[in-house]
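Asks: Quick one, what's the 3D model for this:
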Amino acid sequence: MTRYQQLFESNRFHESELASRETLNINQRDPNAWLVLCLSLIRQNKEQQALSECESGLAVLNLSPNSTLKHYLILGRAAYAQGSRACAFEFYKNAANLDGSSLEAHFILAHVYFEQNKFQECAESLERFYSAGISLDDEAYAKSVFLLSRLPGEESADSLFDRHPTLKREVEFPSFHFGLGNLLVKDKRYKEAFDHILTANRLKRKHRHYDFERVAAMIDRHKEHLDFIVSDTYFKRETDSPIPIFIVGMPRSGSSILEQMLGAHPDIEPLGEGGWLLSAIKREMDFRFNDESMSALFGACEDTSFLEKIENNYYELLGPQSARFVVDKTLVNYHFLQVIRLVFPTAHVIHTTREKGPTVWSCFRTDFLTGVRFSESLEDLSHCYDAVESLLDRWRDLRPANILQVKYESNIENPEQTVRKILSRLRLEYDPACLEPWKQKRIVDTASKVQVTQPIFKEANKDFEPFRELINDRLKVY
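Replies: Numbering: from 1, shown residues only. Sure thing, here's the model as predicted:
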């Protein structure tokens with residue numbers, strides 16, 4: 001193994017970059033040195049340099065098409081794993097242009113296009129992926145079906161299998177069953193769709209455990225301490241930091257569209273779901289989502305020095321912000337309402353809520369990539385919905401001036417009324433741009449990614465109706 005390879009394998013990327021350059025000064029036709037140089041630059045997040053050095057190296061090496069393709073794919077994988085999506089996109093695009101039958105290139109390009117909200121290009125890459133593959137890898141096939149199901153448009157299971165009959169097979173991956181189930185909805189084959197989504201959640205639950213009783217105990221502990229929160233002995237200090245707007249509630253309750261609406265205002269910066277408050281707390285204590293940690297957190301909140309540390313940690317994690325307000329859409333911050341009230345007395349809390357049936361069904365048919373383990377069971381979803389709504393209702397009873405409830409149904413029916421009400425609380429001027437959230441260039445990375453790029457759809461709750469009886473057969477609450 002060469003010195004530059006040893007340095008790279010030891011994760012000493014700057015040194016491996018220098019060592020590979022030294023080798024190339026002696027022999028510029030060393031393909032391994034060029035490859036390690038580019039990989040070292042990628043691992044240091046020097047994307048543009050990596051792209052430039054790659055093209056320079058390939059021009060010097062004059063490799064065969066197969067070897068060039070291999071280089072592009074190796075660099076594309078590295079960039080994608082590093083999170084350098086733009087860099088990965090360029091490498092994979094070059095690979096696809098070089099070899100139109102490269103399954104890996106089309107597959108990754110489809111995902112990158114999707115992340116960039118380029119849905120038409122994503123669909124075209126998936127079509128090339130299906131057309132090129134005689135025998136597709138099961139996992140890649142499953143992920144592709146799920147991705148296809150998320151795209152806007154009329155693509156359905158029938159139309160997909162009519163074009164590609166060889167694809168008509170089932171694989172035991174949750175993503176496949178979620179994807180096929182949601183495609184079957186477009187064919188109005190509701191019973192089949194429901195069965196696939198049920199299978200998807202059963203497969204996910206096989207490998208994960210969710211203990212609702214533990215969560216319920218934590219929420220009950222929270223309720224017991226609400227009397228403490230009513231006290232006006234808040235931690236207060238002068239600060240030039242932006243004022244947080246915390247959006248809390250159940251997933252799939254209209255929080256993403258509301259964040260986009262508010263984010264269209266020039267004085268409000270939407271930040272998404274970063275979990276900054278939880279991270280700020282974890283810097284000061286070993287917090288876990290259980291009854292004991294919640295009790296310890298309440299006790300710590302009696303110390304103003306602890307509260308000051310939480311505030312400092314939170315803003316440090318947010319990073320520099322220029323807007324007057326920032327939207328923190330970490331929905332589970334309902335666990336920390338007491339911390340929010342004590343640490344950020346000027347903050348605003350918005351509780352997004354939606355009818356129970358559509359909320360439960362929308363969560364159940366969604367393949368959440370992280371967290372939200374309660375979504376894998378209709379029973380857990382029902383219990384969690386009741387517990388969260390009960391907690392937020394109790395908070396609103398005690399502090400009606402400090403939390404605003406926004407009902408999904410009212411918001412999509414009369415968005416201007418919702419926006420004006422919120423902006424009035426913030427003492428901001430009304431901006432009509434808030435009524436056209438789909439025109440924002442911001443990339444949303446939630447289950448509502450596609451929906452928020454489209455004009456507001458007022459019939460979303462009707463998607464639940466064909467499944468009402470199917471759910472009632474298993475859960476007598478709707």
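
Asks: So for the lengthiest helix in the chain, what gets flagged as buried?
Replies: The single longest helix within the chain, with elements called by DSSP state H, is helix 378-398. Neighbour-count burial for helix 378-398 flags 378, 380-385, 387-389, 391-392, 395-396 (criterion: 16 or more other C-beta atoms under 10 Å). Yep, even glycine has a C-beta here, placed from its N, CA and C like the rest.

Asks: Residues contacting that helix, please?
Replies: Residues from elsewhere that reach helix 378-398 (C-beta atoms under 8 Å, 6 or more residues apart in numbering): 210, 212, 215-216, 219, 222-223, 226, 229-230, 248-250, 334, 337, 351, 353, 356, 359-360, 363-364, 373-375, 402-403, 405, 471, 474-475, 477.

Asks: CSV please, covering the buried residues of helix 378-398 and showing pLDDT.
Replies: Listed next are the buried residues of helix 378-398 as CSV, based on pLDDT from 0 to 100:
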residue, pLDDT
Leu378, 92
Asp380, 91
Leu381, 92
Ser382, 92
His383, 91
Cys384, 92
Tyr385, 94
Ala387, 92
Val388, 93
Glu389, 94
Leu391, 92
Leu392, 93
Trp395, 88
Arg396, 88
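
Asks: wait, what's in contact with Pro266?
Replies: Pro266 neighbours (C-beta under 8 Å, 6+ apart): 323, 431.

Asks: ok, now with 10 Å
Replies: Under the criterion of C-beta atoms under 10 Å, 6 or more residues apart in numbering, the neighbours of Pro266 are 323-324, 428-429, 431, 433.

Asks: could you flag which of those residues are buried?
Replies: Looking at the contacts of Pro266 with 16+ other C-beta under 10 Å, the buried ones turn out to be 323, 428.

Asks: ok, back up a step: mind checking which of the contacts of helix 378-398 land in strands?
Replies: Among the contacts of helix 378-398, the ones falling in strands (DSSP state E) are 248-249, 351, 353, 403, 405.

Asks: now the residues you listed as CSV including pLDDT and neighbour count?
Replies: Conversion of the ones in strands among the contacts of helix 378-398 to CSV gives the following (pLDDT from 0 to 100; neighbours: other C-beta atoms under 10 Å):
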residue, pLDDT, neighbour count
Val248, 97, 27
Gly249, 96, 27
His351, 97, 26
Thr353, 96, 23
Ile403, 90, 22
Gln405, 95, 16
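
Asks: Of these, which is the nearest to His164?
Replies: Nearest to His164, judged by C-beta to C-beta, of the ones in strands among the contacts of helix 378-398 is Gly249 at 40.0 Å.

Asks: Now that closest one. Nearest residue, chain neighbours left out?
Replies: Counting by C-beta to C-beta, 6 or more residues apart in numbering, Gly249 lies nearest to Thr352, which is 4.3 Å off, once chain neighbours are set aside.

Asks: what's the answer for Leu61, then?
Replies: Pro31 (5.5 Å).

Asks: repeat for Asn45
Replies: Asn45 sits nearest to Ser84 (C-beta to C-beta, 6+ apart), 6.6 Å away.

Asks: coming back round to it: show the buried residues in the contacts of helix 378-398.
Replies: Using 16+ other C-beta under 10 Å, the buried ones in the contacts of helix 378-398 are 212, 215, 219, 222, 226, 229, 248-250, 334, 337, 351, 353, 356, 359-360, 363-364, 373-375, 402-403, 405, 471.

Asks: contacting residues around Ser84?
Replies: 41-43, 45-47, 50-51, 76, 78, 90-91.

Asks: 7 Å instead?
Replies: 42, 45, 47 (C-beta atoms under 7 Å, 6 or more residues apart in numbering).

Asks: could you dump those residues to TSV with distance to Leu136, secondary structure and neighbour count?
Replies: What follows is those, written out as TSV (distance: C-beta to C-beta, whole Å; DSSP: H, G, I helix; E, B strand; the rest coil; neighbours: other C-beta atoms under 10 Å):
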residue	distance to Leu136	secondary structure	neighbour count
Ile42	28	helix	27
Asn45	32	coil	14
Glu47	30	helix	18
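
Asks: between those, which is nearest Ser305?
Replies: Asn45 (36.4 Å).

Asks: Can you report phi and psi for the closest one?
Replies: The phi and psi values for Asn45, taken as degrees, to the nearest 10, are phi 60, psi 30.
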